[in-house]
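Peer 1: Any chance you could fold what I've pasted below:
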Amino acid sequence: MSECTTIDVEKYRLLSQYPDYLIMKIFENVSEGIMITDQDKKIVSVNPAFEFVTGYKSEEVMGKNPSILQSGIHELSFYLDMWRSLHENGIWQGEIWNRRKTGDIYPEWLTIFSVKDSVGNITNYCGIFTDLSERKIVENELEKRTLTDSLTKVCNRFAYLERMNTLLESSTNLSHNVQHAVFFLDLDRFKQVNETLGHTMGDLLLIEIAKRIKALLKNKDILARYGGDEFVITLTNIVHPREAAKFAEQVIRVIEAPIIIHDQEIFVSTSMGISIFPADGQTTEELVKCADKAMTYSKQNGRNGFSFYFDDLSIDTKRVLLLDTELRKAIEHQDFTLYFQPKIDIKTMQVTGVEALVRWQNKKLGFVSPAEFIPYAEETGLIIPISEIIFEKACEGYKQLVEAGFPKIPIAINVSSIHFQQQNFLDSIQAMLEKNNTSAQNFEIEMTERTVMNSAAETISKLVKLKQLGFKLSLDDFGTGYSSLSYLVRFPLDVLKIDRSFIQHICSLDDKQAVVDAIIQMSHRLKMKVVAEGVESERQVEILKGMGCDIIQGYYYSKPLPMNELLDFLQFWEVEHQGR
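Peer 2: Predicted coordinates for the structure are as follows:
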């Protein structure tokens with residue numbers, strides 16, 4: 001390693017005898033990253049190679065400590081030894097792991113030396129490094145030179161596969177039958193921890209999770225970090241699968257217990273899948289694959305739980321693969337249609353607007369319920385292009401309403417929290433309005449509580465800009481999420497929609513009726529209109545009217561309709577209720 005990457009520091013020191021412009025030319029063009037600090041270890045200069053490798057622009061690091069690059073892998077003793085060597089010898093060289101601006105960690109060969117003035121006082125420190133990432137990848141050293149995950153200190157994937165192959169080979173040769181349980185764990189919402197608290201906190205969380213799981217294991221059991229926030233465990237030589245179930249419950253309990261890192265209390269949970277050797281597979285690959293499928297099933301059915309593998313999961317997996325393929329094709333060809341459900345003013349009996357609801361009919365899958373493909377699209381990020389297609393089609397739908405003589409009926413569009421959180425969300429919405437030569441005043445943006453309760457400051461800014469563009473803003477499914485009244489005061493909302501789960505029971509349950517009544521009165525005090533969703537009976541309409549509810553939406557008046565049927569409905573409604 002040092003033979004081809006060690007830098008001759010004397011050559012760099014000798015450069016001082018050359019003109020400044022020549023030194024600067026070299027500084028800007030050498031392939032090694034260079035960082036210079038003052039005597040207080042504050043960065044004063046970096047070269048373009050530093051910017052390229054780390055991802056940080058020079059203005060982002062000026063005046064800061066080099067510790068902003070620390071990966072979190074090395075312990076404090078590593079850095080203490082490094083600076084001790086530097087102070088004693090004037091130079092330190094070695095391999096170190098640092099973190100790019102993107103959060104990726106990478107290996108580099110680093111040389112640090114002190115720069116002194118004529119009387120021997122240190123004036124600067126200079127760090128020169130070479131990125132070893134490509135070499136590591138080519139040589140596969142990250143996986144093969146060590147059997148331990150550098151972060152959590154448990155087995156890595158390579159070591160797990162090696163140990164499992166050995167275990168299964170010896171188990172197959174035994175004269176009596178043995179059983180092993182393989183667990184595939186995926187932390188629920190770990191991505192949110194990284195995004196809100198930072199990657200360093202995320203790393204510390206993974207370390208703590210690994211410690212807690214390790215404390216539950218016996219000597220011959222295997223624990224490995226399989227990748228990212230995924231862990232695999234092998235419970236060896238179990239007598240009955242119920243041992244695996246009992247162990248899974250223990251793992252869930254220790255993971256869901258609060259974790260305190262830097263005085264910050266963090267709560268996470270895990271979804272887990274279990275496969276059994278030899279019933280579910282004879283090889284490591286088969287067992288891990290089955291446990292992974294079971295984990296996905298567990299995550300889709302509520303999270304913070306476990307599931308054993310069963311044969312029908314193979315069928316589900318095939319459908320998911322087909323769903324993914326067909327959904328991507330549908331996005332490419334915009335094979336979605338919009339249905340529109342009317343909203344009726346309870347006092348004037350006028351149609352005050354319609355809600356756009358996406359529908360997808362596929363040749364191979366038939367009619368695919370939004371309840372199936374929307375959650376999958378949100379999980380994979382495909383919801384963003386789908387949301388943009390829905391907005392485009394809503395613009396087209398409004399043009400049809402205008403052409404049919406209904407220019408005063410705005411269209412409500414549901415916005416995914418994932419789409420809303422994109423940095424270019426406002427720009428893309430404005431671009432679509434301009435493309436379709438239409439105004440934001442013709443539309444209403446519907447968001448769930450989950451969308452508006454995240455990153456409050458940034459959310460308020462986006463909502464204000466949407467209002468300035470002319471959109472009406474609606475909070476959908478109120479009562480199913482955070483339901484924090486203090487948040488409602490902060491957001492510039494126009495409409496609050498009461499979730500259908502409350503409306504369904506207002507005729508029979510007094511407490512539901514009381515909640516709905518309280519929501520209506522509170523909303524009116526906050527100058528918001530109230531829409532009741534899922535209204536299906538005349539009695540529900542009467543109760544809501546008595547409470548002062550503003551708008552009714554539901555099958556009592558109309559199911560969601562394709563555009564041609566919506567136009568027929570609107571014409572009939574005008575004749576029936578407006579005396580036209």
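Peer 1: measure residue 520 to residue 448 for me?
Peer 2: In this structure, residue 520 and residue 448 are 19 Å apart, going by CB to CB, to the nearest Å. Placement of C-beta: from N, CA and C, glycine included.
Peer 1: Kindly report the same for residue 563.
Peer 2: For residue 563 relative to residue 448 (CB to CB), the value is 25 Å.
Peer 1: the more surrounded of the two?
Peer 2: The neighbour comparison of residue 563 against residue 448 (other CB atoms under 10 Å) goes to residue 448, with 21 against 18.
Peer 1: Distance from the chain centre to the host helix or strand of residue 182, please.
Peer 2: If you go by DSSP states H and E, residue 182 is part of strand 179-188. The gap between where strand 179-188 is centred and where its chain is centred comes out at 22 Å by CA atoms, centre = their mean, to the nearest Å.
Peer 1: quick one: strands adjacent to that strand?
Peer 2: Strand 179-188 has these partner strands in its sheet, going by DSSP bridges: strand 230-238 (antiparallel), strand 269-277 (antiparallel).
Peer 1: which residue ranges form the helices in the stretch 301-450 of the chain?
Peer 2: 312-333, 370-380, 383-403, 417-420, 425-435, 449-453 (DSSP state H, counting those that start in this stretch).
Peer 1: can I get the ones you listed in TSV with mean neighbour count and distance to residue 289?
Peer 2: Shown next, in TSV, are the helices of the stretch 301-450 of the chain (neighbours: other CB atoms under 10 Å; distance: least, CB to CB, whole Å):
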stretch	mean neighbour count	distance to residue 289
helix 312-333	14	9
helix 370-380	16	19
helix 383-403	18	27
helix 417-420	20	28
helix 425-435	15	37
helix 449-453	20	32
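Peer 1: Out of those, the one nearest residue 252 is which?
Peer 2: helix 312-333 (20.2 Å; CB to CB).
Peer 1: packing partners for that closest one?
Peer 2: Counting contacts by 3 or more CB pairs under 8 Å, 6 or more residues apart in numbering; DSSP states H and E, helix 312-333 packs against helix 284-300, strand 351-362, helix 370-380, helix 383-403.
Peer 1: at 6 Å what do you get?
Peer 2: Using 3 or more CB pairs under 6 Å, 6 or more residues apart in numbering; DSSP states H and E as the contact criterion, the elements in contact with helix 312-333 are helix 284-300.
Peer 1: Tell me what angle the helix it packs on forms with helix 312-333.
Peer 2: Put simply, helix 284-300 runs at 70 degrees to helix 312-333, going by axes from the mean of the first three to the mean of the last three CA atoms, to 10 degrees.
Peer 1: pLDDT of the strand or helix carrying residue 213, averaged?
Peer 2: Following DSSP H and E, one finds residue 213 within helix 199-214. Mean pLDDT, helix 199-214: 93.
Peer 1: Rebuild the helices of the stretch 301-450 of the chain as a markdown table, extending it with distance to residue 531 and mean pLDDT.
Peer 2: Listed next are those as a markdown table, based on distance: least, CB to CB, whole Å; pLDDT from 0 to 100:
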| stretch | distance to residue 531 | mean pLDDT |
| --- | --- | --- |
| helix 312-333 | 30 | 80 |
| helix 370-380 | 19 | 84 |
| helix 383-403 | 18 | 95 |
| helix 417-420 | 20 | 86 |
| helix 425-435 | 22 | 93 |
| helix 449-453 | 15 | 70 |
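Peer 1: of all the ones you listed, which lies closest to residue 363?
Peer 2: Going by CB to CB, the one of the helices of the stretch 301-450 of the chain nearest residue 363 is helix 312-333, 8.3 Å.
Peer 1: Residues in contact with the closest one: which ones?
Peer 2: 293, 297, 362, 364-365, 385 (CB atoms under 6 Å, 6 or more residues apart in numbering).
Peer 1: ok, now stretch 88-97?
Peer 2: Here stretch 88-97 makes contact (CB under 6 Å, 6+ apart) with 71, 73, 82, 85-86, 105, 107, 109-114.
Peer 1: Mind listing what's buried along it?
Peer 2: 92-93, 96-97 (16 or more other CB atoms under 10 Å).
Peer 1: Then stretch 24-38?
Peer 2: 27, 32-37.
Peer 1: Ok, stretch 529-541 next?
Peer 2: 529-535, 540-541.
Peer 1: what would the buried residues of stretch 24-38 look like in a markdown table with pLDDT, secondary structure and distance to residue 474?
Peer 2: Shown next, in a markdown table, are those (pLDDT from 0 to 100; DSSP: H, G, I helix; E, B strand; the rest coil; distance: CB to CB, whole Å):
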| residue | pLDDT | secondary structure | distance to residue 474 |
| --- | --- | --- | --- |
| 27 | 76 | helix | 57 |
| 32 | 87 | coil | 56 |
| 33 | 89 | strand | 51 |
| 34 | 91 | strand | 54 |
| 35 | 92 | strand | 51 |
| 36 | 92 | strand | 55 |
| 37 | 92 | strand | 53 |
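Peer 1: Need those residues in CSV (columns: distance to residue 396).
Peer 2: Shown next, in CSV, are the buried residues of stretch 24-38 (distance: CB to CB, whole Å):
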residue, distance to residue 396
27, 57
32, 56
33, 52
34, 56
35, 54
36, 58
37, 58
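Peer 1: Need the max-distance pair from those residues.
Peer 2: Between all members of those, the farthest pair (by CB to CB) comes out as 32 and 37, at 16.3 Å.
Peer 1: Give me the contact list for the helix holding residue 213.
Peer 2: So helix 199-214 is contacted by 72, 103, 151-152, 154, 193-194, 223, 254, 259, 261 (CB under 6 Å, 6+ apart).
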